[in-house]
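1. The sequence isn't on hand, but the structure is:
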């Protein structure tokens, strides 16, 4: 069963950066995290608002 969330984005500035909408990194599965990383590589900078970042959480297990 594929539980990945479709990552929605909104441009920050023309040609640079994107805000990622509707993703909770603390509960994201690997497929969703892959999409977040791909969005970073595609746009050069990303913003994810209202995230709770804790040691050992989903966001801390990746370094790309």
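-> Sure thing, it's come through. Source: prediction; values computed, not measured. Residues are numbered from 1 along each chain as shown.
2. would you list every one of the strands in this structure?
-> Under the criterion DSSP state E, strands of the chain are mapped to 8-13, 16-21, 46-47.
3. how about these in TSV, adding mean pLDDT?
-> Shown next, in TSV, are the strands of the chain (pLDDT from 0 to 100):
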stretch	mean pLDDT
strand 8-13	95
strand 16-21	96
strand 46-47	97
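4. For the spatially closest residue to residue 11 that is not a sequence neighbour, give the beta-bridge partners.
-> With sequence-adjacent residues excluded and distances taken as Cβ to Cβ, 6 or more residues apart in numbering, residue 11 is closest to residue 18, at 5.9 Å. Every residue, glycine included, has its C-beta placed from N, CA and C. Beta-bridge partners recorded for residue 18 (DSSP bridges): residue 11, residue 46.
5. what's around residue 10, how many residues?
-> Residues lying near residue 10 (other Cβ atoms under 10 Å) number 10.
6. Quick check, it in contact with residue 39.
-> No: using Cβ atoms under 8 Å, residue 10 makes no contact with residue 39, being 11.1 Å away.
7. Report the set of residues contacting both of the two.
-> Listed as contacting both residue 10 and residue 39 by Cβ atoms under 8 Å, 6 or more residues apart in numbering are residue 18.
8. rewinding a little: who's in contact with the residue nearest to residue 11?
-> Counted by Cβ under 8 Å, 6+ apart, residue 18 has contacts 9-12, 39, 42-43, 45-47.
9. what do you get if the cut-off is 6 Å, keeping everything else the same?
-> Neighbour list for residue 18: 9, 11, 39, 43, 46 [criterion: Cβ atoms under 6 Å, 6 or more residues apart in numbering].
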